[in-house]
Structure formats: C-alpha cells, structure tokens
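S.K.: Using only what follows, build the 3D model:
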Amino acid sequence: MSDTLIIKSVIIEDEPGGVVTLRGLLKEYCPNVTVLGDAPNPIKGAELIRSVKPDLVFLDIEMPYGNGFDLLDALSPVFFEVIFVTAFNQYAVKAFKYSALDYVLKPVSIIELKGAVNRVAKRLVEKDINSKVENLLKFVKLDGQTPKIGLPTSDGYRLEFLKDIIYLQAKGSYTEVFIKGKKSELVARSLGDFEEMLPTQKFSRIHHSTIVNSDHVKRFQDEKGLFLEMTDGQSVEVSKRRKAEFFKRFLS
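M.R.: Residues are numbered from 1 along each chain as shown. Coordinates of the predicted model:
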C-alpha cells in the first residue's frame, strides 16, 4: 500500500463488537486507512456515505432493515470501493456481480484484510491517474488554434479560453479561477491538478496558493515583498522562494 495515500473509509456493520474489532485491526495494520464513521444498518449507512463521501466502505451483508446489497442498489452508481466483511461465504458470487473485488470472512484474518486494503489502494491510485488523464482530455481546440479548458461545475463542464484565464487561487481543496470579463468560478479541483494541466509556457505558480497567466501580468512592485498587478486590477503575491524564478522568467 502506498505510504502517502490516505484512504477515507466507513464501516457499515450491525454488531458493535465487529466495528470495534475492525477499527482496531485497521489502526494497527492498515494505518493509511482512516475511519470517518460507522452505521448499524443500510439506511443509516447510506446517509453516512452520502454525507462523508468515503473512498472505501467496509460492508457487512446481513443486517437489520435490509442487507449490504440493498445499500449498494440505493446508492447506484457506486462511487466508492467496497470490501465485504461478513461471516457468510455463500454471498461471494453475488458480491462479485456487484463489482466488489474483495470479500473478507469473519473472523477477520490480518493477512486477508491487509491484502484487500492494498488492492483497494492500488485501484484508487489508478483512478486518480485516470482522472488526471480525463482532465487533460477536457482541453479542446477550436479551428486547431485556440485552446480551451473545461472547468467542472455542478451542472457540467464550463469551457473557457485559456487566454482568458487571468489567475487561479487555491481555496482549500478547491480552486477559484479568475476569468477575463466574467465572475470567478469556484472549481472542485486542486491547484496542483491545474498546475499539471496548464501549459507552462504561459502559466506559472508564483505562490503555494496562486498560479498566474503571464499574459495578464500588468506590472509588479518589489518593495515590501513582490506583488503582481493583474489585468483585472487585482494584486497577487510572489512567495520568497519563487521570487528568483519569477525574475528569471519575466525579465530574461
């Protein structure tokens, strides 16, 4: 399992002892897995999953008020990984029909649990890579000349000319994109994702929280810190460690 990947998980299990045991095993043997909560049945489980949006769900099958398959049906299409943790091996074939690639029998084997979590971690890394590739493919060209970028919004992708992107600022795990002649757009992508996607010929990261389009830098002041005035009139700061890189790029 990756040393850096943190897997957000929840446990849907009706037996309190089973929850305690699984939490303990994960803490001891799978430290990259963080448990955000647990629920005792599919109804409360669906509420929890919608609330915290986990990467991984440890799911019992036989529970009050329905079973684990009812929960998956209710949340279809499933956006998370699933590890079934159950005492009943007769459900294995049905579980795999639900694309659950891991199925751990109780009492939980440490080796089986670690193996299942490792496979989930690998799939999550692959999903992340595929997501970045998908983002790259959101670039389109008009007449083979003018590139655009797709900004994911709540109602689809909003296409904007790259030349009209003035600068971008991190807002936690989101990014605010400032666009020429328009209101800024808060996008559900990290600034790091944009740094990987945007062409370096025009876009520079000048601060841990800011990327600028060099075509929209109007002037700069190097007095009490280095600040850039952008074409929309806003001022953005260049961090001390990126100052030399800025001067090399803009004044060479």
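
S.K.: What ranges in the stretch 101-250 of the chain fall below the confidence cut-off?
M.R.: Applying pLDDT under 70 to the stretch 101-250 of the chain picks out residues 101, 129-146.

S.K.: Tell me where it has helices.
M.R.: Taking DSSP state H, counting those that start in this stretch as the criterion, the stretch 101-250 of the chain carries its helices at 110-137, 191-197, 243-251.

S.K.: nearest to residue 27, of the ones you listed?
M.R.: helix 110-137 (11.8 Å; C-beta to C-beta). (Glycine included, C-beta is placed from N, CA and C.)

S.K.: Could you break this protein into its assigned domains?
M.R.: For the chain, the structural domains run 7-135, 140-251, going by automatic domain parsing.

S.K.: follow-up on the earlier one: can you add mean neighbour count and give the helices of the stretch 101-250 of the chain back as CSV?
M.R.: Shown next, in CSV, are the helices of the stretch 101-250 of the chain (neighbours: other C-beta atoms under 10 Å):
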stretch, mean neighbour count
helix 110-137, 15
helix 191-197, 16
helix 243-251, 13
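
S.K.: returning to what we had before: deepest of the domains of the chain, which one?
M.R.: domain 7-135 (a mean of 17; mean count of other C-beta atoms under 10 Å).

S.K.: quick one on the thing from earlier: possible to save the helices of the stretch 101-250 of the chain as CSV with distance to residue 48?
M.R.: Output for those, formatted as CSV (distance: least, C-beta to C-beta, whole Å):
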stretch, distance to residue 48
helix 110-137, 18
helix 191-197, 27
helix 243-251, 45
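
S.K.: Go ahead and confirm residue 199 touches residue 162.
M.R.: Yes. Under the criterion of C-beta atoms under 8 Å, residue 199 makes contact with residue 162 at 7.3 Å.

S.K.: list the residues that contact both of the two?
M.R.: Jointly contacting residue 199 and residue 162 under the rule C-beta atoms under 8 Å, 6 or more residues apart in numbering are residue 147.

S.K.: Report the separation between residue 216 and residue 7.
M.R.: 39 Å (C-beta to C-beta, to the nearest Å).

S.K.: wait, I meant residue 193
M.R.: 19 Å.

S.K.: cool, residue 113 as well?
M.R.: Taken as C-beta to C-beta, the span from residue 113 to residue 7 is 13 Å.

S.K.: who does the residue lying farthest from the centre of the chain bridge with?
M.R.: What lies farthest from the middle of the chain is residue 223; by C-alpha atoms, centre = their mean that is 38.2 Å. Beta-bridge partners of residue 223, counted by DSSP bridges, are residue 225.
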